[in-house]
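1. Compute the structure for the input listed below.
(4 chains)
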Protein chains: 4
Amino acid sequence: MSNPDRIPRDRDNDHTREMASQRATFVAEMTGTKLDTVASYTIDPAVTSGNIENFIGTAQVPIGIAGPLTMVGEHARGDFYIPMATTEGTLVASYSRGMRVISECGGAKATVVKHSMQRAPVFMFDNALEARDFGQWLRENLDSIRGVVKTSVEVPRLIEIEQYPVANMLYTRFCYTTGDAAGQNMTGKATLFACEWIKANHPLKPQYLLSGNIDTDKKHSMMNMIQTRGKRVIAEFTLKRDVAKELLRVDTASLYRYRQIASVGMAQAGSSYSGAHSANGITAMFIATGQDVANVSESHAGLNYMELLDNGDLYWSVTLPAMICAAYGGGTGLPTQRECLEMMDCYGTGKADKLAEIIAAVVLAGDVSLSSAILAHEWVSSHEKMGRNR
Amino acid sequence: MSNPDRIPRDRDNDHTREMASQRATFVAEMTGTKLDTVASYTIDPAVTSGNIENFIGTAQVPIGIAGPLTMVGEHARGDFYIPMATTEGTLVASYSRGMRVISECGGAKATVVKHSMQRAPVFMFDNALEARDFGQWLRENLDSIRGVVKTSVEVPRLIEIEQYPVANMLYTRFCYTTGDAAGQNMTGKATLFACEWIKANHPLKPQYLLSGNIDTDKKHSMMNMIQTRGKRVIAEFTLKRDVAKELLRVDTASLYRYRQIASVGMAQAGSSYSGAHSANGITAMFIATGQDVANVSESHAGLNYMELLDNGDLYWSVTLPAMICAAYGGGTGLPTQRECLEMMDCYGTGKADKLAEIIAAVVLAGDVSLSSAILAHEWVSSHEKMGRNR
Amino acid sequence: MSNPDRIPRDRDNDHTREMASQRATFVAEMTGTKLDTVASYTIDPAVTSGNIENFIGTAQVPIGIAGPLTMVGEHARGDFYIPMATTEGTLVASYSRGMRVISECGGAKATVVKHSMQRAPVFMFDNALEARDFGQWLRENLDSIRGVVKTSVEVPRLIEIEQYPVANMLYTRFCYTTGDAAGQNMTGKATLFACEWIKANHPLKPQYLLSGNIDTDKKHSMMNMIQTRGKRVIAEFTLKRDVAKELLRVDTASLYRYRQIASVGMAQAGSSYSGAHSANGITAMFIATGQDVANVSESHAGLNYMELLDNGDLYWSVTLPAMICAAYGGGTGLPTQRECLEMMDCYGTGKADKLAEIIAAVVLAGDVSLSSAILAHEWVSSHEKMGRNR
Amino acid sequence: MSNPDRIPRDRDNDHTREMASQRATFVAEMTGTKLDTVASYTIDPAVTSGNIENFIGTAQVPIGIAGPLTMVGEHARGDFYIPMATTEGTLVASYSRGMRVISECGGAKATVVKHSMQRAPVFMFDNALEARDFGQWLRENLDSIRGVVKTSVEVPRLIEIEQYPVANMLYTRFCYTTGDAAGQNMTGKATLFACEWIKANHPLKPQYLLSGNIDTDKKHSMMNMIQTRGKRVIAEFTLKRDVAKELLRVDTASLYRYRQIASVGMAQAGSSYSGAHSANGITAMFIATGQDVANVSESHAGLNYMELLDNGDLYWSVTLPAMICAAYGGGTGLPTQRECLEMMDCYGTGKADKLAEIIAAVVLAGDVSLSSAILAHEWVSSHEKMGRNR
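-> Below you'll find the predicted structure:
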């Protein structure tokens, strides 16, 4: 390590307590800050290989449990306790309240209605006509391209190639199902194989870039809202008028009226979620369960919809068009993360849709609680009671 | 605890190892999952009081360090080592590469250009004319309302009240500066005081709700993009053509041309960030430093802008209009989180702008690295080399 | 005219029947199409000077009258007959139906709640810090800049300069009131004077471009939706349950429920107007009254909002944040156009807000009629009965 | 006519000079405004039957001709003179300048890359699962539904049914090709037939509404931008550096740099078109040629894209994803309107794509001229010279 300010690194075996300790010492020397608690982790650094570089320790993010949340979903059925990792006081309590309300009303239905994970290469041509013709060729060769994907990578299955011609280019979205993984990396690899095959087999040998920026990886977009990214999942329940009065201190008619006001607010602001808040619950669950938390930027988007029934009960739903979550791969296998998945029986093969259903229902619970608190003028007072500044 | 499926809770002293353990046992009984590693935390549960309810342990999220990142910002000056908490392999390495490039080019400038944190009450009237007149009254009474805020809460200072009349309502945004805190809770309290004063003093005693959903708390929005939320921060540097060739294996002219393609992709997709990816770096730093990670939904929005200079060097910048970060309050004081702030000298009074500058420069570093990898066709191969599936 | 395919033009006196005829002959020669009806205009070409170049005749767009529409606005009060120029069968009849409903319910209120017409120069600097400092200087020199505007142009009054710093630039919106004119040209001129003064007086002599593309002239934008362009105008009325049943064959409760469905559709689609249709009525009135019809791209944006009252009546409103209309200037003084303004007493000084109120109420009428037709399953059948293909 | 303020109408034969005159008299009586010039039309009222109700005369909108515009499109080839109906001085001259530039550079390519006109019924169910299952049934029965459409209406061909599940509903877009017509009415009728068949044949007999508001008829939307509405058309040409210098007094490198600034402006503002202005040219051509001018709200959306070539020439393109134009039907057959189509050989069977190509090239010409004027600081001065206020 000739350069004195270069972070120490062992090319052969870097995910060790020793190397972590060497780096912590290095940081202490360079910055004057001792990393006592960061270094006070209780997991084996070896398990983080493939998840992190330059490991120095762990962030210990408090986990609270919320629930039970009763679910009558397609995959998630029964009572669930929800692990939420957050540092925002009141959050777990508020979600718990919403879960109790949902459970008292018979539980939440939840349904994954579409799967689609993308990579989005852009192909470049001399003019729009060539790009259009190439698009036609892509449609005609879809089966071959699917075959290329199948023989190159194991999990992802190419469903379709969406086309968006602009100028002399064809922007595309290669859409895959990815089993129980989130799948950004595996679809990246699959799409690279597909593109190389295309380049080799199309008469024009078209130039391409693996991302034309319409994936739209780690960014909210109307593209995702419309075309789905990851899973499109819907959670719904019917809030009984009596339960609302007793547990939430609001009338369902007021909630319904507030929906109009909040929807107009959403449209006025041009915002990505029409309900009260989705990101809080999603983030807390993503951290706890080892998801790629940066996907909150995409996954928090969605639509809130209600109907006031004739008997005064309130049908309430959230639709999340870009829920990116995994039951396998990424950070899901790390020790604390895997335990959090396991406590919901959401770790491993065949569990990703179940997890998506639960997350959607948690978002619904959060909206139930916060919307009611705003209406009942309890929002600030509950934060005063439970938050940091009491 | 009469209800057997209710989570155990001690009303008087709940943030203890004992109660955490009781709850972990409860979870094990209810779900069959033993929380061995979750419970294997090394922080004192007492410190999480005000940050979490129903504490059962911690998520241990691996932290890697990236850098050094040279900065020549207004507040952040010198070389920084950046703590990033993530489970996505390659991320730390990729950001580190970008930081090295920036540092080789003389470092990143960064500037906070606006501060504005909001609460957004909506006031309801009989018709639009009444709402408009009320808006006029608000303008005339701004100083009084500022006074009410000043006497009710300590930190937040009311800057202005933006008005958005719709139908028979006046949607507002009460805009504050909040010192070194993110400030959502303190501005909530301040706005409640202000609204109660308004209700008491305006002749119509107008009904209001504390959120008309244009805050737009925990959601991306064009409102934030245009009006700012938290801090509007800009990072910029000039990429030398030679450095690009050597370290990134791309030509600056190609990067500039790719900017056009990526910008068109952004517009075609209607996405919230025009560069390659902002959420990855922001999220990793937010988790490490105890920020409210759900704010990634808002803070990842932004604009990427380049100019190709006559000498072939490339001016490169990111503008983040909704950077919500704190040097104090929330989760910033928790043990591992505080250490991560301290290693950048970003904990406590007067440090929030410095932190925002660093985060913006980190985002810039991430875009430098990923954009170049896409162009150099190294994107997939680097993930293969360093990611989980190698 | 050396070039044989150049359109004939008389530099001194071009707006004459003779020159129009010469050009029509030229077109006939070049294209084989005789312009018999285009040339069969009944206005004096001289009056079109300043409104068109290369005049060859007129488009004769059929005008139908709709109404009466009862208004109880701030400026528009009484019964109005509305001139609508369109070629879409059913349109006038459908709007007329909506107007009748509104009138039967006591008429429409309408209120202009904000005035703001913009030009949007962008100023360029070496870095973001310089741009921020320049922004501060702009705020400090606002009065001087207002003075420059006042002494350079007659009508427009500079209200404020909005600032949007991005990268090393300061995007601005110079916001004006423009009396009874739409004002795009006069504010362009005023802003040019202001910019030249700024360039001369600021120490850095900053480079600028008169449009940074955030005006956003002749384009829909969230910027307009949020910040207003032209006039922000709201129309509202209360639909009586009995009137709805009798004249529209729908129940107000169904209309209210449909509002939820349509609002969700708007958010799902990312569209610019949340009601049924605003562009139809606005366009027909814009053509009839000599407005700059291209502004339909901006003016059609808006929000539809309802409340179902306890007695079953339905409060219904439209909010149009970018209504650009004039009672003077542009095409308003042309013969047929001026007559159409005069029949609503909307031509000339002090009438622009009145016109905006009427247009907003017409949009409301159109939504009343079309929304009800969709619900009553009469949408297609009415087109069959009255449209072109009967 | 019992009600004295009811507009006179003859149920049997209303499109006559006599009835128009009766109505003009009525208006004069009710409003005090004589409609001398409105009534001074030269077309036969009978031809407006199906295009208007309550005909009272015509708006005479000045038409200027621009051009010649050289085109080397797929359908439009050769030199075209363009009829533009507008009241905005400078507009025709500015577009003409752009056309001359394009022609000097060899003409504009233009390509229609997708056809898709929609109606968008929403189907309602008890829960999301039922809605998802219904979606599957729709896919399985697509051929039958296509057959229903084919036997019910003549022109439209059902291509696909896009599905957007939200809550307990399935929002759909029925996508058609519509030959040379715009097709909103015929697809409305076709979709009604399809929906009635679906309702009769699906086991649940699902309730539906013919519009879930995602059509998104007469409104700009990201849905249209992404999925196309009407025609997606691209125009492109390469601006020679010398021509730019001579005719536009700008350097291509400056234009390219301005593209970045304008693109960032577009993203900052959240606007619907990234170039300088599309609505001006589209509106002027729509009025002249009898299009449904309200569609400007949709058709003006688009993307501007450039590449600076090594020799200093500039590839320049516009992509318009929602161009709704017809060569037949609607107002295209009216006298002046048909002549304007005929002078471009764009009236009747097989001409709609040709017309779309020309309109896109006109938009390109407008951007060439205005962008250059902004850069050359000639924007205001040209308006001063040619506009109304000289």
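2. Spit out the contact partners of the residue nearest the centre of chain A.
-> The centre of chain A sits closest to A:I324, judged by C-alpha atoms, centre = their mean, with a distance of 3.7 Å. By C-beta atoms under 8 Å, 6 or more residues apart in numbering or on different chains, the contact set of A:I324 is A:M117, A:A182, A:Q184, A:R229, A:G230, A:K231, A:Q291, A:D292, A:N295, A:E298, A:S299. From N, CA and C alone the C-beta is placed, and that goes for glycine too.
3. of all these, which comes closest to chain D?
-> A:K231 (12.0 Å; C-beta to the nearest C-beta).
4. related to what we said a few turns ago, ok, now how distant is the residue nearest to the centre of chain A from A:D367?
-> Between A:I324 and A:D367 the computed distance is 20 Å (C-beta to C-beta, to the nearest Å).
5. The residue in the stretch 251-390 of chain A that chain B sits nearest to and C:H115, how far apart?
-> Of all residues in the stretch 251-390 of chain A, A:G331 sits closest to chain B, at 2.5 Å by C-beta to the nearest C-beta. Per C-beta to C-beta, A:G331 is found 53 Å from C:H115.
6. which one of the two has more residues nearby?
-> More crowded of A:G331 and C:H115, by other C-beta atoms under 10 Å in any protein chain shown: A:G331, with 28 against 21.
7. Looks like that one contacts B:T87 (just checking).
-> Yes: A:G331 is in contact with B:T87 according to C-beta atoms under 8 Å; the separation is 2.5 Å.
8. show me where pLDDT drops low in the stretch 101-250 of chain A?
-> Judged against pLDDT under 70, the stretch 101-250 of chain A has no low-scoring part.
9. Point out the residues in it that sit beside chain C.
-> By C-beta under 8 Å from any C-beta of the partner chain, the residues of the stretch 101-250 of chain A that approach chain C are A:M222, A:M225, A:I226.
10. again, 7 Å this time
-> A:M222, A:M225 (C-beta under 7 Å from any C-beta of the partner chain).
11. Strands of the stretch 151-300 of chain A, residue ranges please.
-> In the stretch 151-300 of chain A, the strands defined using DSSP state E, counting those that start in this stretch lie at A:157-166, A:169-177, A:207-209, A:230-239.
12. Can you add mean neighbour count and give those back as CSV?
-> Formatted as CSV, the strands of the stretch 151-300 of chain A follow (neighbours: other C-beta atoms under 10 Å in any protein chain shown):
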stretch, mean neighbour count
strand A:157-166, 21
strand A:169-177, 24
strand A:207-209, 18
strand A:230-239, 28
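13. Same list, these, but as a markdown table with distance to D:A269 please.
-> Below are the strands of the stretch 151-300 of chain A laid out as a markdown table (distance: least, C-beta to C-beta, whole Å):
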| stretch | distance to D:A269 |
| --- | --- |
| strand A:157-166 | 20 |
| strand A:169-177 | 22 |
| strand A:207-209 | 27 |
| strand A:230-239 | 29 |
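14. Walking through the stretch 1-150 of chain A, point out its strands one by one.
-> Along the stretch 1-150 of chain A, the segments classed as strands by DSSP E, counting those that start in this stretch run A:55-72, A:77-85, A:109-119, A:122-124.
15. Including distance to A:D14, could the ones you listed go into JSON lines?
-> Shown next, in JSON lines, are those (distance: least, C-beta to C-beta, whole Å):
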{"stretch": "strand A:55-72", "distance to A:D14": "7"}
{"stretch": "strand A:77-85", "distance to A:D14": "26"}
{"stretch": "strand A:109-119", "distance to A:D14": "29"}
{"stretch": "strand A:122-124", "distance to A:D14": "36"}
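16. What is the neighbour count of A:D143?
-> If we define neighbours as other C-beta under 10 Å, then A:D143 has 9 of them.
17. Do me a favour and get the end-to-end distance for stretch A:289-297?
-> 17 Å (C-alpha to C-alpha, to the nearest Å).
18. most tightly surrounded among the strands of the stretch 1-150 of chain A?
-> Comparing the strands of the stretch 1-150 of chain A by mean neighbour count (mean count of other C-beta atoms under 10 Å in any protein chain shown), strand A:55-72 ranks first with a mean of 27.
19. That one packs against which elements?
-> helix A:17-31, strand A:77-85, helix A:91-104, helix A:352-375, strand B:55-72, helix B:279-289, helix B:335-342 (3 or more C-beta pairs under 7 Å, 6 or more residues apart in numbering or on different chains; DSSP states H and E).
20. Tell me the gap between it and the middle of its chain.
-> 15 Å (C-alpha atoms, centre = their mean, to the nearest Å).
21. What average pLDDT does it get?
-> The average pLDDT within strand A:55-72 is 98.
22. Taking helix B:279-289 as reference, get the angle to that strand.
-> 100 degrees (axes from the mean of the first three to the mean of the last three C-alpha atoms, to 10 degrees).
23. How about exporting strand A:55-72 as PDB, limited to the C-alpha atoms?
-> Extracted C-alpha coordinates of strand A:55-72, given in PDB (Å, rounded to 0.1, in the frame of the first residue of the first chain):
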ATOM      1  CA  PHE A  55     -16.000  -3.900   5.300                       C
ATOM      2  CA  ILE A  56     -15.400  -2.100   8.600                       C
ATOM      3  CA  GLY A  57     -18.300  -3.200  10.700                       C
ATOM      4  CA  THR A  58     -22.000  -2.800  10.800                       C
ATOM      5  CA  ALA A  59     -24.700  -0.200  11.300                       C
ATOM      6  CA  GLN A  60     -26.900  -1.400  14.100                       C
ATOM      7  CA  VAL A  61     -30.400  -0.200  13.200                       C
ATOM      8  CA  PRO A  62     -33.000  -0.800  15.900                       C
ATOM      9  CA  ILE A  63     -35.700  -3.400  15.000                       C
ATOM     10  CA  GLY A  64     -39.100  -3.200  16.500                       C
ATOM     11  CA  ILE A  65     -41.900  -5.700  15.900                       C
ATOM     12  CA  ALA A  66     -45.300  -4.700  14.900                       C
ATOM     13  CA  GLY A  67     -48.500  -6.700  14.600                       C
ATOM     14  CA  PRO A  68     -50.000  -9.100  14.600                       C
ATOM     15  CA  LEU A  69     -51.300  -8.400  11.100                       C
ATOM     16  CA  THR A  70     -53.900 -10.800   9.900                       C
ATOM     17  CA  MET A  71     -53.700 -11.600   6.200                       C
ATOM     18  CA  VAL A  72     -56.000 -13.400   3.900                       C
END
